[in-house]
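Enquirer: Provided below for reference: sequence and predicted model.
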Amino acid sequence: MVAVIAEKLHEIFEKQSKYQWEARKSTAKQRADKLTRLKEAIIKRVECFVNAANKDFMIPASTVQNQIYSVIHAIDYAIENVENWMKPERVEQPQNGEAYILYEARGRVCIFGTWNSPMSVTIYPLAEALAAGNCVVIKPSEFNPNHNKVLQEVIESVFEEREVALVQGEADVSEQLLKLPFDHFFFTGSPRVGKIVMREAANHLAAVTLELGGKSPAIIEKGYDLEKAVQNLVFGKVLMGGQFCISPDYICVHEDDVTALAETYRQKTLDMLYDEGKIRLTERTQIVNEQHYKRLKNLFEDALAKGAVILSGGTFDDENRLIEPTLLGGVTGEMLIAEEEIFGPLTFAHTYTDVSEVLQYIQLNPKPLALYMFSDQEEFQQQILASTSSGGVTINGIFMHNVHLSLPFGGVNNSGNGSFHGIHGFKTFSHNRAIYKVD
């Protein structure tokens, strides 16, 4: 079986290896036309994607539609800007000629997707790789079989294998792909697997973009309006059941505000998820599978066994794999929830008396993918920014640095390597070739 998989992947790779030289010579119009056809094929199947996502694991239709139209917006953005992106970038001109940077396609790109946002972590980078003139192989997560069928229909209706191919399968397919000398690997997933991708890519000296995760903090300045802060934080745990790489992991709150935080968290959860005292099953996202559900439940039970207390939530629905947004207090360093990326609807309050304690706590841990702060004071904001490092930051909101297409999205060190979105994705999938022409 492995030999059959390897042979098929090698066949696709050879097709793309030959075609890459044509793809890199494509004009801005040709690239825009490809992207337009991709967009139209996706729009035609919106309802199919919604139904497929619900079959894979219960996701509200509105959440799926928002993800799809976010991707459509990104494709439109690439169509509108690809001509400008492709233009040579002029630099300081020498006296005896001219000098410029030419952005040329890397060639053959392999994109590994993940299950929690299967459209955005495959089509986002695909659109930018195509805008840069590359050939692409996509390997989506095996946890989205129904979604993958629809995505395969999209890809096969728009592209020949020599341009873009989607290959399905489990870890053995990924292992075989990593043995091929792609020019660029783009991976979304955990730091553990990211290290494997980086190690295997080193065998080919290939470029690597890693979109990982980590424990993303949310910092609330003492006295900040908790209604505003908690509205965002609870939403961050309701959306996709907190199964986002940039979902807030823990909340840094002044010890004088923790009681009010708990009460506000309870109230906002009631407002978002309850009708007449009963929690809704609709408009909620399941935990992706039994293994992940048990892992989250173990984090919760381990914390309680070691002295943590429930400040809000705590309801688990084993039959439907649903967890109420839950806030814990009294969490200490020996608890698993303080060590592992949560990646679910649990969170905990980390109290402080002085902001320097927060800074020290964040500095002692691996750099997160996202950092959130809630503050009306510029001095406080700048202090946090100057004394921490993270992939991106949203101030007084949630997720917004991820949806602005002029901003790069990516991690740093443990939370990732490289970035994409808009021109940043175009440059990620391009080689910036230095050109010096003597008169």
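Expert: Happy to help now that I have it. In this text, all values refer to a predicted model and were calculated from it rather than measured experimentally.
Enquirer: Spell out for me which residue occupies the centre of the chain.
Expert: Cys245 (5.5 Å; C-alpha atoms, centre = their mean).
Enquirer: pLDDT score assigned to that one?
Expert: As predicted, Cys245 sits at a pLDDT of 91.
Enquirer: how far away is the residue lying closest to Trp85 once chain neighbours are set aside from Thr315?
Expert: Computed as C-beta to C-beta, 6 or more residues apart in numbering, the closest residue to Trp85 that is not its neighbour in sequence is Phe426, at 4.7 Å. (Each C-beta comes from the backbone N, C-alpha and C, glycine too.) Look at Phe426 and Thr315: by C-beta to C-beta, to the nearest Å, they are 45 Å apart.
Enquirer: Neighbour count for these two, which is higher?
Expert: Neighbours per residue (other C-beta atoms under 10 Å) separate Phe426 from Thr315, with Phe426 holding more: 24 against 13.
Enquirer: By mean pLDDT, flag the weakest helix or strand of the chain.
Expert: Among the helical and strand segments of the chain, the one scoring lowest on mean pLDDT, DSSP states H and E is strand 278-279, with a mean of 70.
Enquirer: Show me which positions of whichever helix or strand comes after that strand end up buried.
Expert: Counting by DSSP states H and E, the next helix or strand C-terminal to strand 278-279 is helix 290-305. Buried residues in helix 290-305, defined by neighbour count with 16 or more other C-beta atoms under 10 Å: 292-293, 295-297, 299-300, 303-304.
Enquirer: Now the element after helix 290-305, going C-ward?
Expert: Going down the chain from helix 290-305, the next helix or strand is strand 309-312, by DSSP H and E.
Enquirer: quick one: contacts of that following strand?
Expert: Contact with strand 309-312 is made by 258, 261-262, 265-266, 269, 304, 325-330, 349, as judged by C-beta atoms under 8 Å, 6 or more residues apart in numbering.
Enquirer: Give the rounded mean pLDDT of stretch 396-416.
Expert: 93.
Enquirer: Same question for stretch 86-101.
Expert: Here stretch 86-101 scores 93 as its mean pLDDT.
Enquirer: May I see the buried residues of it?
Expert: Met86.
Enquirer: Domain map for the chain?
Expert: Structurally, the chain divides into domains by automatic domain parsing as follows: 2-212+415-438, 217-403.
Enquirer: quick check, distance from the shortest one to the centre of its chain.
Expert: What that stands for is domain 217-403. Averaging C-alpha coordinates over domain 217-403 and over its chain gives two centres that are 18 Å apart (C-alpha atoms, centre = their mean, to the nearest Å).
Enquirer: start to end distance for that domain?
Expert: Its first and final residues considered, domain 217-403 spans 19 Å by C-alpha to C-alpha, to the nearest Å.
Enquirer: got the contacts of strand 309-312 as TSV, with distance to Val121, pLDDT and secondary structure columns?
Expert: Formatted as TSV, those follow (distance: C-beta to C-beta, whole Å; pLDDT from 0 to 100; DSSP: H, G, I helix; E, B strand; the rest coil):
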residue	distance to Val121	pLDDT	secondary structure
Val258	35	96	helix
Leu261	32	97	helix
Ala262	34	96	helix
Tyr265	29	96	helix
Arg266	33	93	helix
Thr269	28	90	helix
Leu304	33	97	helix
Pro325	24	93	coil
Thr326	26	96	strand
Leu327	28	97	strand
Leu328	29	97	strand
Gly329	33	97	strand
Gly330	35	96	coil
Ala349	30	97	strand
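Enquirer: Strands of the stretch 301-439 of the chain, start to end?
Expert: Listed in chain order, the strands of the stretch 301-439 of the chain (DSSP state E, counting those that start in this stretch) span 309-312, 316-317, 322-323, 326-329, 346-352, 370-374, 392-395, 409-410, 416-417, 419-420, 430-438.
Enquirer: Format those as CSV; extra columns: mean neighbour count and distance to Ile362.
Expert: Output for these, formatted as CSV (neighbours: other C-beta atoms under 10 Å; distance: least, C-beta to C-beta, whole Å):
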stretch, mean neighbour count, distance to Ile362
strand 309-312, 19, 21
strand 316-317, 16, 29
strand 322-323, 23, 26
strand 326-329, 24, 19
strand 346-352, 22, 10
strand 370-374, 27, 8
strand 392-395, 19, 12
strand 409-410, 22, 19
strand 416-417, 21, 17
strand 419-420, 22, 21
strand 430-438, 13, 33
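Enquirer: wait, which of those is closest to Phe187?
Expert: Distance to Phe187, taken as C-beta to C-beta, is lowest for strand 416-417 among those, at 9.2 Å.
Enquirer: Tell me which two in the buried residues of helix 290-305 are the farthest apart.
Expert: Spanning the widest gap among these are His292 and Leu304, at 19.3 Å by C-beta to C-beta.
Enquirer: re earlier: with distance to Arg106 as extra columns, can I get the strands of the stretch 301-439 of the chain in JSON lines?
Expert: Below are these laid out as JSON lines (distance: least, C-beta to C-beta, whole Å):
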{"stretch": "strand 309-312", "distance to Arg106": "47"}
{"stretch": "strand 316-317", "distance to Arg106": "46"}
{"stretch": "strand 322-323", "distance to Arg106": "41"}
{"stretch": "strand 326-329", "distance to Arg106": "44"}
{"stretch": "strand 346-352", "distance to Arg106": "39"}
{"stretch": "strand 370-374", "distance to Arg106": "27"}
{"stretch": "strand 392-395", "distance to Arg106": "24"}
{"stretch": "strand 409-410", "distance to Arg106": "17"}
{"stretch": "strand 416-417", "distance to Arg106": "15"}
{"stretch": "strand 419-420", "distance to Arg106": "13"}
{"stretch": "strand 430-438", "distance to Arg106": "6"}
